[in-house]
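Asker: coords please:
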Amino acid sequence: MQEWMIAMLAVSIMLIVRDMAKTILAGGKHETQEAMPPGESHPQKEKVQRYAASFRKLADTFYGMPYRKDYLSSGQVEQILDYAREEVCSGCYQRDRCWIEHRLAMNQGGEAIIRALESGNEEDVRKIRSDWMSVCGRAGQFLEQLHEQFLREKQNLVWDNRMIESRLAVAQQLTEISAIMDMVASDLYDISPASTAFREELQKNFRKRHVIIRDAWVMDKVEGRRQIFLSMRARSGQCISMNEICQILSEICGCAMTASEGSRCIVNGEFHTIHFIEDVSYQILYGAARLTREQEKVSGDNYIFHQEEEGKFVMCLSDGMGSGMEACRESEIVVELLEQFLESGFSQETAARMINSALVLNGREGMFSTVDICAVDLYTGICNFLKAGAASTFIKRDHWVEAISSESLAAGLVQQMDFDTASRKLYHGDYLIMMSDGVLDALPLEHEEETMKEIIMDIREDTPKEISRGILERVLGYSDYQARDDMTVLVAGVWKK
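Answerer: As a prediction, the model looks like this:
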């Protein structure tokens, strides 16, 4: 109970920090509408960094606690022997002879049978039991009491390990919180005034289009992508569309620029500070098709398509164990948490680890779900795959199909989760095809991937929605048109802008 309370406290802190980060971000965006964006000297940066250091130190405290044990300690073995001796041997007339004159041999024999019980070696248990019977008049009672106390201590060991896993889950969450706070501190305030030459060029070109630039700031973020803040207004009585403003700025910068999401549609006679970002190079169209298992009303599969502000497109598919409402709830928790974490700025691997920790901490037997994530960088076309117990994902390009496979366990089974990851470069016209286990399991055994590649190559449809439907229709032909498990197919097409 104490460990669960600690875990809940850590999760609460994580959500508070998430909301705090959103508030800071929102505050920064509000300032960019009417005033100069914050600079490197902003006092909140150092404050957030101190918060991050505190969370790291707290996580180290949890990491420094005892780790899980797979075997009983010598102290626990001694306790088992003491208890059995007190219960069985206290009234025996040979007590002093056994436990004083032959104490070493009795202790070694008792420890040997406990270790044999622990290893599960039945042959060793029978041999040691037989030897004990030959020297002890109360061997049956003693060994029975020894076995009973062994089972009790073994159960305590299981619970101790469960609490240790909970501590590690909390420590991991605190570490991830610290990392995202560092990211917030580094990303928010790396804004500096534009150079004199660049500001003058902006003012000169925009003046020709009847727009007055009062000031400009630039921010270099990941991979050198340009971000610009312009304090501007149109000349009296005029209104300039944001599309026209973006075209002018793109010409000056030599790359496609666009206003950030939620920006104004027009520039009028009042000064406003607008945030411009480098436009992405690729766009995604997507679709999905799904079938519910025969005699079930609810699918155990859940999925999301998510467009991030940082120029990434993410699609995730989770298959809850089993089928029906219970499996649906499990996979729904996974995709909802994933979406929240991604919106809060977590990386996909961090989000997946946090979800795994949440499932482990839940403590419900059999609560685990597959995690399958594709994240496409819309600037570069690089796609990162992360899989935990998930079915293969396929990439279709022209006249060939590639499979991205996984051998890792589903989320929620173990605390120290190892995900299968991969990266691929996508090009104009490529398709990403993600599916749940129920789709591949309907195909001929040991030839699922090869058969699926043939199915994908035979598809003549163009839109992602039609492709996903076409795949399901062809797969059903291999299973007498009966869905023996939940089936979900997600398809995303990549096109150059």
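Asker: any idea of the mean pLDDT for the helix or strand harbouring residue 356?
Answerer: Using DSSP states H and E, residue 356 sits in helix 348-362. Helix 348-362 shows a mean pLDDT of 71.
Asker: again with stretch 72-90
Answerer: Computed over stretch 72-90, the average pLDDT equals 74.
Asker: center of this protein, which residue is that?
Answerer: Residue closest to the average C-alpha location in the chain (C-alpha atoms, centre = their mean): residue 352, at 0.9 Å.
Asker: That one contacts residue 371, doesn't it?
Answerer: Yes: contact criterion C-beta atoms under 8 Å: residue 352 and residue 371 qualify, at 5.4 Å. The way it works is simple: take the backbone N, C-alpha and C, and place the C-beta from them, glycine included.
Asker: Overlap of the contact sets of these two?
Answerer: The overlap between the contact sets of residue 352 and residue 371 (C-beta atoms under 8 Å, 6 or more residues apart in numbering) consists of 338, 386, 388, 411, 419.
Asker: Restricted to helices, list the residues you listed.
Answerer: Using DSSP state H, the members of those that fall within helices are residue 338.
Asker: Between the shared contacts of residue 352 and residue 371, which sits nearest residue 110?
Answerer: residue 411 (42.2 Å; C-beta to C-beta).
Asker: mind listing the helices in the protein by residue range?
Answerer: Per DSSP H, the chain carries helices over the ranges 2-34, 43-63, 74-84, 95-96, 103-119, 122-133, 139-188, 196-208, 242-253, 324-343, 348-362, 437-441, 448-458, 464-476.
Asker: which stretch in these is the model least sure about?
Answerer: helix 2-34 (a mean of 47).
Asker: Please report how far residue 210 lies from residue 257.
Answerer: Noted for residue 210: a distance of 19 Å to residue 257, by C-beta to C-beta, to the nearest Å.
Asker: between the two, which one's more packed in?
Answerer: Legend: neighbour count by other C-beta atoms under 10 Å for residue 210 and residue 257, higher for residue 257 (21 against 14).
Asker: what residues are up against the more buried one?
Answerer: 226, 228, 246, 249-250, 276-279.
Asker: out of those, who's nearest residue 214?
Answerer: residue 228 (13.7 Å).
Asker: How many residues are close by residue 110?
Answerer: 22.
Asker: Enumerate every residue touching it.
Answerer: Contacts for residue 110 were tallied using C-beta under 8 Å, 6+ apart; they are 77, 80-81, 84, 146.
Asker: repeat that for 6 Å
Answerer: residue 81 (C-beta atoms under 6 Å, 6 or more residues apart in numbering).
Asker: for residue 52, same thing?
Answerer: Counted by C-beta under 6 Å, 6+ apart, residue 52 has contacts 178, 181-182.
Asker: next one: residue 458
Answerer: Counting by C-beta under 6 Å, 6+ apart, there are no residues that residue 458 touches.
Asker: and it, how far is that from residue 78?
Answerer: 69 Å.
Asker: Report the separation between the spatially closest residue to residue 281 that is not a sequence neighbour and residue 191.
Answerer: Of all residues not flanking residue 281 in the chain, residue 379 sits nearest, at 5.6 Å (C-beta to C-beta, 6 or more residues apart in numbering). Distance of residue 379 to residue 191, computed by C-beta to C-beta: 20 Å.
Asker: who's more crowded, the two?
Answerer: residue 191 (20 against 17).
Asker: surely the more buried one meets residue 218?
Answerer: No: with contact defined as C-beta atoms under 6 Å, residue 191 does not count as touching residue 218 (7.4 Å).
Asker: possible to save the contacts of residue 257 as JSON lines with distance to residue 399?
Answerer: Listed next are the contacts of residue 257 as JSON lines, based on distance: C-beta to C-beta, whole Å:
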{"residue": "226", "distance to residue 399": "38"}
{"residue": "228", "distance to residue 399": "43"}
{"residue": "246", "distance to residue 399": "38"}
{"residue": "249", "distance to residue 399": "41"}
{"residue": "250", "distance to residue 399": "36"}
{"residue": "276", "distance to residue 399": "40"}
{"residue": "277", "distance to residue 399": "37"}
{"residue": "278", "distance to residue 399": "34"}
{"residue": "279", "distance to residue 399": "31"}
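Asker: How many residues are close by residue 256?
Answerer: 14.
Asker: can you give me phi and psi for the closest residue to it other than its chain neighbours?
Answerer: Of all residues not flanking residue 256 in the chain, residue 279 sits nearest, at 3.8 Å (C-beta to C-beta, 6+ apart). With angles defined as degrees, to the nearest 10, residue 279 sits at phi -70, psi 150.
Asker: How much space separates residue 279 from residue 258?
Answerer: Residue 279 is 4 Å from residue 258, where distance means C-beta to C-beta.
Asker: re the thing from before, and which of the shared contacts of residue 352 and residue 371 is nearest to residue 265?
Answerer: residue 338 (32.0 Å).
Asker: Roughly how far does the closest one sit from residue 171?
Answerer: Applying C-beta to C-beta to residue 338 and residue 171 gives a distance of 21 Å.
Asker: Compare neighbour counts for those two and give me the winner.
Answerer: Set side by side, residue 338 and residue 171 show more neighbours around residue 338, with 24 against 20, by other C-beta under 10 Å.
Asker: which ones are touching the more buried one?
Answerer: 316, 351 are the contacts of residue 338 under C-beta under 6 Å, 6+ apart.
Asker: let's see 7 Å
Answerer: 304, 316, 351, 355 (C-beta atoms under 7 Å, 6 or more residues apart in numbering).
Asker: Distance of it relative to residue 55?
Answerer: 22 Å.
Asker: Please apply the same query to residue 107.
Answerer: Distance from residue 107 to residue 55, by C-beta to C-beta: 47 Å.
Asker: Of the two, give the one with the bigger neighbour count.
Answerer: Comparing residue 107 with residue 55 by other C-beta under 10 Å, the one with more neighbours is residue 55, at 23 against 15.
Asker: For that one, which non-adjacent residue is spatially closest?
Answerer: residue 178 (4.0 Å).
Asker: I figured that neighbour hits residue 58, correct?
Answerer: No: applying C-beta atoms under 7 Å as the test, residue 178 and residue 58 come out as separate, 8.6 Å apart.
Asker: okay, the two: which has more neighbours?
Answerer: residue 178 (21 against 18).
Asker: give the contact list for that one.
Answerer: Applying C-beta under 7 Å, 6+ apart to residue 178 gives the contacts 52, 55-56, 59.
Asker: what do you get if the cut-off is 10 Å, keeping everything else the same?
Answerer: 17, 49, 51-59 (C-beta atoms under 10 Å, 6 or more residues apart in numbering).
Asker: Does the residue nearest to residue 256 touch residue 497 like I think?
Answerer: Yes: here residue 279 reaches residue 497: they are 7.3 Å apart, a contact under C-beta atoms under 10 Å.
Asker: Need the residues touching each of those two.
Answerer: Contacts common to residue 279 and residue 497, judged by C-beta under 10 Å, 6+ apart, are 256, 378.
Asker: So between those two, which is more surrounded?
Answerer: Legend: neighbour count by other C-beta under 10 Å for residue 279 and residue 497, higher for residue 279 (17 against 10).
Asker: From residue 255, how far out is that one?
Answerer: With distances taken as C-beta to C-beta, residue 279 is found 8 Å from residue 255.
Asker: Now the common contact residues for those two.
Answerer: Joint contacts of residue 279 and residue 255 (C-beta under 10 Å, 6+ apart) are residue 225.
Asker: What is the burial count for residue 496?
Answerer: 10.
Asker: contacting residues for it?
Answerer: Residue 496 neighbours (C-beta under 10 Å, 6+ apart): 281-283, 381, 427-429.
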